[in-house]
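Participant: when you get a sec, could you give me coordinates for this:
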Amino acid sequence: MQKPNQRLINQTCIVTGSSSGIGKAIAESIAKEGANVIINYNKDKQSAEETANNIEQYKDSGKVIVCQADISKEEEVLRLFKTTKNHFGNIDICVPNAGMQNDAPLHKMTLEQWNQVIAVNLTGQFLCAKSALQEFLSVGIRKGVSRSAGKIIHVSSVHEVIPWAGHANYAASKGAISMLMQSICQGYAPYKIRCNSIAPGATKTDINKDVWKNPDQLEKLMDLIPYKEMAEPEEIGSVASWLASDESEYINGTTIFVDGGMTCYPGFTTNG
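Facilitator: Below is the predicted model:
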């Protein structure tokens, strides 16, 4: 990973679901750029505190606090944003990352399974974006800090465009994030608010450790990835920190796929 260049000094960023995995990597990458970071978790306080401790060891990183909140509940999202404002005084970047899976074939999927995934993966992103927009609109551009009034970076998935049988609730939530993100851009770009998405492909996190730790499963997965490697979480984090910076100022309303070519449908390499 390249040495950070302190592109986010004096900015504050909320990263939901950042106690582990991709969220953790995003929080660490943004902190290394000089931003203050809020590590949000729902249940795993120990991992969240470990992430915060890691960040505190980085030279020139911003400050960090840990805040519990279930982002599928509006009152808890409001508390998360209020805590951030009280502690740091401003919010410049919001990364709605928290997500989950609860899989089943659609004809066997319970309403509870459907609602749980939609509540976290989609409603949670809506609630965070809503609170972020209210903050950005009320404060406006902080001159000398950022060219934007605020940045929202949704974390989606390649499954916003790739169907996924047996995971319809997850794929539906991710597909909807694309339209949510683009609608935010369309409505709020005139206020110099930027909204984009990152769509990771297969990434080495604990949630899929049973795949990448198993040579046979990993070899099978490589059939889906032209680059023949899984992503490291840090590779997602570096894209997020760049999207949060002024270097990407004219990028608005788009999804950046970080997937090694997975969305290029490698099954058609030999003419299908």
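Participant: please pull out the lowest mean pLDDT helix or strand from the chain.
Facilitator: helix 209-212 (a mean of 84; mean pLDDT, DSSP states H and E).
Participant: show me what counts as buried in it.
Facilitator: By 16 or more other CB atoms under 10 Å, helix 209-212 has no buried positions at all. In this view, the C-beta of every residue, glycine as well, is placed from N, C-alpha and C.
Participant: now do that helix: everything it contacts.
Facilitator: Contacts to helix 209-212, defined as CB atoms under 8 Å, 6 or more residues apart in numbering, come from residues Ala202, Lys204, Gln217, Leu218, Leu221, Met230.
Participant: mind giving me the packing neighbours of the helix or strand following it?
Facilitator: Later in the chain than helix 209-212, the nearest helix or strand by DSSP states H and E is helix 215-222. Contacts defined by 3 or more CB pairs under 8 Å, 6 or more residues apart in numbering; DSSP states H and E place helix 215-222 against helix 209-212.
Participant: what distance separates the helix it packs on from the centre of its chain?
Facilitator: Relative to its chain's centre, helix 209-212 lies at 21 Å (CA atoms, centre = their mean, to the nearest Å).
Participant: repeat that for stretch 104-115.
Facilitator: How far stretch 104-115 lies from its chain's middle: 25 Å, per CA atoms, centre = their mean.
Participant: next: stretch 165-177.
Facilitator: How far stretch 165-177 lies from its chain's middle: 16 Å, per CA atoms, centre = their mean.
Participant: could you check how far the residue nearest to Gly261 when sequence neighbours are not counted is from Met179?
Facilitator: Leaving aside its sequence neighbours, Gly261 sits nearest to Pro226 (CB to CB, 6 or more residues apart in numbering; 3.5 Å). Separation of Pro226 from Met179 (CB to CB, to the nearest Å) stands at 27 Å.
Participant: helices of the stretch 151-272 of the chain, start to end?
Facilitator: 168-188, 209-212, 215-222, 233-243 (DSSP state H, counting those that start in this stretch).
Participant: any low-confidence regions in the stretch 1-150 of the chain?
Facilitator: 1-4 (pLDDT under 70).
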